[in-house]
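Peer 1: from the sequence below, what's the structure:
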Amino acid sequence: MAFCSSQPPYLNPSVPFSGKIQGGLQDGLKITVNGTVLHHSGTRFAVNFRSGHSENDIAFHFNPRFEEGGYVVCNTKQNGTWGPEERKMHMPFQMGHPFELCFLVDSEDFKVTVNGSHFVQYSHRVPFHRVDTLSVTGAVQLSFISFQSAGVWPVNSAPITQTVIHAVQSTPGQPFLNPVIPPVVYPTLTYPMPFFTSIPGGLYPSKSIFVSGTVLPTAQRFHINLRSGSDIAFHLNPRFDENVVVRNTQINSSWGSEERSLSRQMPFARGRSFSVWITCEGYGLKVAVDGQHLLEYSHRLKNLPAINNLEVGGDVQLTHVQA
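Peer 2: Next up is the predicted model:
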């Protein structure tokens, strides 16, 4: 029996990048590449869907070129030989600007959107299920690469539930399958603010929550709250008017003691994109921003399954939420 992928995102990966697509490509899989085109680092970049680590078999080569007015080349390489190029004489990317590039796999083709707008469809020339590796090269800086499985992608922000099976190790050499509560994924670019969604099954050790977006240019503050009923178990509150990230818990409408110290500089900036990765452990929460560890926060509310709602509010625009 095949199960849908619930692969964690690659956060802030370095370029050139090469990473596994767990379970390979599947009909309905959506892969989102979020990054920024670099100045003075070349005039091209490429996203390649490959079979294995070899460059000899590339099912889909997506190659923006900032030359001759700008265009995008799509192609397939089999046994080391390129096929006929398909060129779209339009450039949806801008040097120095962030982008969100989405590839939706279906039975007939790859459907590609850039910054939420349909850009191109590329018909499969080889069976897509052979693809198990994604690579990115060229003049880009990556923020994250995420994976979402669904049969149909809606045009609104209705949630899609995924079926998830994680393989874990019980004892060395004794693997077993451990079913995990499926996350809720919101696949579209338009998120209502403030944003609320449930955390199916609540928190438990190894549970992860992923939030990405862009801080508004005039931002003062925003917050990410993990809620238990009317209580706030974890309040993550970047404040640009104070240049600090405040953490706290609110129980019975009363705030506890704030935590403000950080081991590194404020990781959020006005007008810039961000990704926040919150991982639950038995003792507390670990928070990474843009792929780098930022802080830990000990649980003050101990009933973890009751912490079952996520709230995001303030001066941000969201691009991806996985809870």
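Peer 1: for stretch 216-226, C-alpha coordinates in CSV please.
Peer 2: Output of stretch 216-226 as CSV, limited to C-alpha atoms (Å, rounded to 0.1, in the frame of the first residue of the first chain):
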residue,chain,number,x,y,z
LEU,A,216,5.4,43.6,6.3
PRO,A,217,7.7,46.5,5.5
THR,A,218,6.1,48.7,8.2
ALA,A,219,5.8,45.9,10.8
GLN,A,220,5.8,46.6,14.5
ARG,A,221,5.0,43.1,15.8
PHE,A,222,3.6,39.7,15.0
HIS,A,223,2.9,36.5,17.0
ILE,A,224,2.6,32.8,16.7
ASN,A,225,0.5,31.2,19.4
LEU,A,226,0.0,27.6,20.4
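Peer 1: can you list contacts of that stretch?
Peer 2: Stretch 216-226 is contacted from outside by 199, 203, 209, 211, 215, 232-241, 270-271, 276, 278, 285, 307, 309-317, using C-beta atoms under 8 Å, 6 or more residues apart in numbering. Any C-beta I mention is one placed from the backbone N, CA and C, and that applies to glycine too.
Peer 1: drop anything exposed from these.
Peer 2: Buried members of these, counted by 16 or more other C-beta atoms under 10 Å: 199, 203, 209, 211, 215, 232-240, 276, 278, 285, 307, 309-310, 312, 314-316.
Peer 1: any regions of the stretch 201-323 of the chain where pLDDT drops low?
Peer 2: Across the stretch 201-323 of the chain, not a single residue meets the criterion (pLDDT under 70).
Peer 1: so which residues of it form strands?
Peer 2: Along the stretch 201-323 of the chain, the segments classed as strands by DSSP state E, counting those that start in this stretch run 208-215, 222-228, 231-239, 244-251, 254-255, 273-280, 284-289, 292-298, 309-314, 316-322.
Peer 1: and these: which comes nearest residue 28?
Peer 2: Residue 28 lies closest, by C-beta to C-beta, to one member of the strands of the stretch 201-323 of the chain: strand 316-322, at 16.2 Å.
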